[in-house]
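Asks: here is a sequence with its predicted model. Questions after.
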Amino acid sequence: MEISKLLSALNPAQRDAATADSQHLLVLAGAGSGKTRVLTTRITYFCQHFDLSPWSIMAVTFTNKAATEMRGRLEELLGMPTKQLWIGTFHGLAHRFLRAHWAEAGLPQNFQILDSDDQTRLLKRVLKDMNLDEEKWPARQAAWFINSQKDEGRRARHISHNGDLFLATMQKVYAAYEEVCQRNGVIDFAEILLRSHELWLNNPTLLAHYQGRFRHILVDEFQDTNSVQYAWLRLLAGKEGMLTAVGDDDQSIYGWRGAKIENIRRFQQDYPQAELLRLEQNYRSTGVILKAANAVIANNSDRMGKNLWTEGTDGEPIKLYAAFNDLDEAQFVARSIEQQIGRGYARREIAILYRSNAQSRLLEEALLRAGLPYRIYGGQRFFERAEIKNAVAYLRLLGIRNDDIAFERVVNLPVRGIGDKTLETLRELVRAEGLSMWSAAETVIKQKLLPAGAIAKLAAFLHLIETLDAGTREAPLHELVDAVIKQSGLWQHHEKEKGEKGQARLENLQELVVAAREFDWDEDDAPSPLAAFLDHAALESGEQQAGEFEDAVQMMTLHSAKGLEFPLVFMVGMEEGLFPHEMALQENNLEEERRLCYVGVTRAMRQLYITYAEIRRLYGNESCKTPSRFIREIPAALVQEVRVKTQPVSSTPSPFRSNTPSVAVPRQTTLGGNESGEGALRLGQRVSHPKFGKGTILNFEGNGPNARVQVNFTDVGSKWLVAQYARLETA
DNA sequence: GAAGGGTGTCTTTTT
DNA sequence: GACACCCTTC
C-alpha cells in the first residue's frame, strides 16, 4: 500500500510515532490508541520510505497470537509475503538463533524444549536424587526459584548464599538441574532466552553479524519485558541499531512473573537521546469509560503519565450492581446479558472478566441455565493435555533416544509391566555412569542385570521404539504421528477407557494427526519435519481454535483480556480481598492490581458493568465482603447503581454513601409476619423446606403474606415460593 | 496397577 | 468445595 495514504489515515501523534527517525524511540501507547497500527505502519514506512529491506527488521512480541496478527497486517500493508521478516515472540526468535548456532551455544543439534510441566517433573527427579525431602523442598518452588534466577540472567554459579540454607540448597538444586538438562540436551523456556543471550556474549563475531543485519528492532508490550529480555534487546541493537519500544506502564500486570516495569525508565536512562512519544487519543471506549479508567489509575504513584481522551461521546454511565451473594451476582450477569442481547448486542460482543479462574464456575452455571452459549478462554491448552504430551513423548524418543524425560513418561504407558524396580535400576546406572535412561536400558539388557522377565519387557519397549523409527523414516509427518499413536498402544489404551473422557482423548489424538498433516515445515527452523513439529508443540501451546467463531459470550480472567476489546464488559467480583486480591495486598502489590483494574475497564467499548457480592463462598466457606476500593476510585458521577425490582439492597454501606447520602438504603428486609428476631428470613439466610430440603434465600418479591421468596436449594436448584405457604424454616 | 481414601492446596500465565 | 496428588490396599 502507498505509504502516504497509510500515514494520512493516522492522527498526528500516531504519525509522529510511525515516522520518527530517532535511533531510540519509546512510545507510550495508551489502551486503544492504535498501537499495533502504529507499529505496522512504522515497519512499512521504513521499508518503503527508507528502502530498508524487510530482512533487516525484527519485530518482537510476547504471544504467538500477537506475532501472527502483526504478520498478517504487515502482509496486507506491504503487499508481499513477509517470510523474510523476523516477527515472533522473544522465545520464538531466541530459539531460532539457538537452532542456527546450536554448537556455539553449547547444545546438541537435536536439543529439545522443556515445558513447565516437564520442568517440574524433572526437578522432582533431581530433588529426589539429591535426597531432599519433597515436603520441605517442593519441586514447584525450585522451579520458581530457578526460573526467576534465569529471568535475571543468573546461573547457579552466580548465586551467593552467604550461608543461607534456602539459598544454598536452591543453588545446589539449580546446579544439579543445569547439569541434568545439559546431559539430556533439553532447555526450558527461561533457558531459551538466557542461552541465546549468552550465545552472543560468548561469540562477538556472531553478535556483530546479527547487529549488522538487524538495523531496526521493534518491541511490543515493552512493559512486560524481564531483565534478560531487555538485555537481549540492547545487545542485539548494539551501537548502531534502531530500537523502537512500544508499551504502556499502566498496563504492566506481569510483575509476578518477572516483568520489569522499570525497564521503561531504564530505557530512557540507557538511551538518554531517546525520543518519547505518547499516544493518548483513544478510539475504543466512551468518554465515561475513559474517565473512569483515568481516575482509577491516577491513584498509582510514579507513573510515566498519560491521559486518555476521546473525540467520541460520553455514552452510558457505568452500571454498578451490589449483589448480596455470588449466586445473585451470577444471575444478575446472566439476566443483564439476556436483556442486552434483546437490545441488539451479539453474544460475542459481550465479555465477563474476573480476577481468578475459580470465579467462572457460578457464572457458567448461570449462563447455562439461561441458555446462553459461552466460551471460556484460558484453561488447558492443546499441547498440554496429558494424552497429547504422551504421544509427543514418543515422538521425542524417536528424535532423541537420550531424552530421559520422554523415556520416563512413556516407558510404561500404556502399562507394559515395566515397574519401579526396573526403573530404579536404570536410574542408578544413570547416576553412576552418567548414562541416559535409554543407554542404561541397553546396558541392563546386554549385561542381564535384571530377571529375565523384566529384561524381556524392557527389550520389547526398546524394540518398539526402534521399529517405529525404522518403519517411519520415509513417511510423511502425519503418518508417523499416526503410526506412533497406534503402534505404541496409546490409542488402544484410551479406547479401553470408559466414559466420555476416553472418547475426548481419542479425538485429541486424532487432532494431533491433523495438526501434523497441516503442519508447515520451514527448513530454516529445524533439521527435520519432526524436529520442527516438536518445537512447534513446545513453543506454541496451541490455543484451542475450535469454536472461536461461534457466537458466544466471552469469559476470561482480567489478565487474559489484555489486548482485547469488547463492546459490553462485565467486571465481576469487585470486592476487597478478591480484587485487589488478598495475596497481592499482602505482598504490597496494590498498584499492579490497580493496573489490572485499569486494563479491565479499558477493555470496554460502549458499556461497562461492575458487580460485587456482599457474601461470597470461596474455598468452601462463606465470607462477607466489602466493595473493592477500585469502585470508590471511580467518580460517582460516572456510575449508576442498578437495583433489581423492589430489591432489598446492601447490608453493607454503598460505596457511594458518603457522596450521595440520599441513596442510603434500609439495612435489611425481613419478610412475612415473622419479623421478630429468630425466625426472620433474610437474604442469604440458610433455610430448609419440608420437600425441597436445604437452601439459601436468593431474592424477595413483594411484601406481606403474598410475598414471594426465591430459594436456591442444594438439591433441586432455585425456586420461587410464596412465603406464607412455603413453610420455610431457618436452618 | 487400578481404585479408593486421605491430605493439602487453592491469583494471575506465556513461552 | 473441588481437585490434584500421594499413599495404601487388594
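Replies: Arrived safely.
Asks: element containing the closest residue to A:W86 other than its chain neighbours?
Replies: Distances taken as CB to CB, 6 or more residues apart in numbering place A:M58 nearest to A:W86, at 4.3 Å, with adjacent residues excluded. C-beta: built from backbone N, CA, C; applies to glycine. Here A:M58, judged by DSSP states H and E, is contained in strand A:57-61.
Asks: which residues touch that strand?
Replies: For strand A:57-61, contacts defined as CB atoms under 8 Å, 6 or more residues apart in numbering pick out A:39, A:43, A:46-47, A:67, A:70, A:85-90, A:93, A:214-221, A:233, A:236.
Asks: what are the bridge partners for the residue nearest to A:W86, then?
Replies: On the basis of DSSP bridges, A:M58 is bridged to A:W86, A:I217.
Asks: residues near it, how many?
Replies: 23 (other CB atoms under 10 Å).
Asks: A:W137 now?
Replies: Quick note: A:W137 (other CB under 10 Å) scores 16 neighbours.
Asks: what's it in contact with, if anything?
Replies: A:W137 neighbours (CB under 8 Å, 6+ apart): A:127, A:169, A:173.
Asks: quick check, nearest of these to DNA strand B?
Replies: A:L127 (15.4 Å; CB to the nearest atom of the strand).
Asks: got the phi/psi numbers for the nearest residue to A:G287 once chain neighbours are set aside?
Replies: Ranked by CB to CB, 6+ apart and with sequence neighbours excluded, the top spatial neighbour of A:G287 is A:D314, at 3.9 Å. Phi and psi for A:D314, reported as degrees, to the nearest 10, are phi -70, psi -40.
Asks: out of the contacts of A:W137, who's near DNA strand B?
Replies: By CB under 7 Å from any atom of the strand, no member of those lies near DNA strand B.
Asks: of the residues you listed, which belong to strands?
Replies: Using DSSP state E to define strands, no part of the contacts of A:W137 is located there.
Asks: now, which of those sits nearest DNA strand C?
Replies: Minimum distance to DNA strand C across the contacts of A:W137 is 10.7 Å, recorded for A:L127 (CB to the nearest atom of the strand).
Asks: just confirm yes or no for stretch A:421-431 near DNA strand C.
Replies: No. With CB under 7 Å from any atom of the strand as the criterion, DNA strand C is not reached by stretch A:421-431; the gap is at least 13.9 Å.
Asks: say whether DNA strand B is contacted by that stretch.
Replies: No. On the criterion CB under 7 Å from any atom of the strand, stretch A:421-431 is out of touch with DNA strand B, staying 10.1 Å away.
Asks: check stretch A:601-610 too.
Replies: No. Using CB under 7 Å from any atom of the strand, stretch A:601-610 stays clear of DNA strand B, with a minimum separation of 13.8 Å.
Asks: and that stretch, average pLDDT?
Replies: On average, the pLDDT along stretch A:601-610 is 97.
Asks: can you list the buried residues in that stretch?
Replies: Neighbour counts over stretch A:601-610 (16 or more other CB atoms under 10 Å) mark A:601-610 as buried.
Asks: which among the contacts of A:W137 gets closest to A:R99?
Replies: A:V173 (28.3 Å; CB to CB).
Asks: mind listing what the closest one touches?
Replies: Residues in contact with A:V173, defined by CB under 8 Å, 6+ apart, are A:123, A:126-127, A:130, A:132, A:137, A:142, A:145-146.
Asks: repeat that with 7 Å
Replies: Residues counted as contacts of A:V173 (CB atoms under 7 Å, 6 or more residues apart in numbering) are A:126-127, A:130, A:142.
Asks: make a ChimeraX selection of whichever of the residues you listed turn out to be buried.
Replies: A single ChimeraX command selects the buried members of the contacts of A:V173 (16+ other CB under 10 Å):
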select /A:126,127,142
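Asks: of the contacts of A:V173, list those near DNA strand C.
Replies: Restricting those to those within reach of DNA strand C (CB under 7 Å from any atom of the strand) leaves nothing.
Asks: tell me which two of the contacts of A:V173 sit farthest apart.
Replies: A:M130 and A:A142 (10.2 Å).
Asks: which stretches of the stretch 201-350 of chain A have low pLDDT?
Replies: Low-confidence segments of the stretch 201-350 of chain A, defined by pLDDT under 70, are absent.
Asks: and the residue of it closest to DNA strand B?
Replies: A:W256 (4.0 Å).
Asks: ok, how many other residues are close to that residue?
Replies: 12.
Asks: do A:L93 as well
Replies: Counted with other CB under 10 Å, A:L93 comes out at 22.
Asks: okay, and the spatially closest residue to A:A237 that is not a sequence neighbour sits in which element?
Replies: Spatial nearest neighbour of A:A237, excluding adjacent residues (CB to CB, 6+ apart): A:L243 at 4.4 Å. When elements are assigned from DSSP H and E, A:L243 belongs to strand A:242-247.
Asks: that strand vs strand A:57-61, what angle?
Replies: Angle, strand A:242-247 to strand A:57-61, by axes from the mean of the first three to the mean of the last three CA atoms, to 10 degrees: 20 degrees.
Asks: what's the next secondary structure element after the strand holding A:M58?
Replies: Past strand A:57-61, the next helix or strand by DSSP H and E is helix A:64-78.
Asks: what's that following helix packed up against?
Replies: helix A:35-49, strand A:57-61, strand A:86-89 (3 or more CB pairs under 7 Å, 6 or more residues apart in numbering; DSSP states H and E).
Asks: give me that answer again for 6 Å
Replies: In terms of contacts (3 or more CB pairs under 6 Å, 6 or more residues apart in numbering; DSSP states H and E), helix A:64-78 is packed against helix A:35-49, strand A:86-89.
Asks: quick one, which of the contacts of strand A:57-61 are buried?
Replies: For the contacts of strand A:57-61, buried by 16+ other CB under 10 Å: A:39, A:43, A:46-47, A:67, A:70, A:85-90, A:93, A:214-221, A:233, A:236.
Asks: neighbours around the residue of the stretch 501-650 of chain A found nearest DNA strand C, how many?
Replies: Residue nearest to DNA strand C within the stretch 501-650 of chain A: A:G620 (2.7 Å; CB to the nearest atom of the strand). A:G620: 5 surrounding residues under other CB under 10 Å.
Asks: repeat that for A:K5.
Replies: 8.
Asks: pretty sure it is in a strand, no?
Replies: No. Counting by DSSP: H, G, I helix; E, B strand; the rest coil, one finds A:K5 to be helix, located in no strand.
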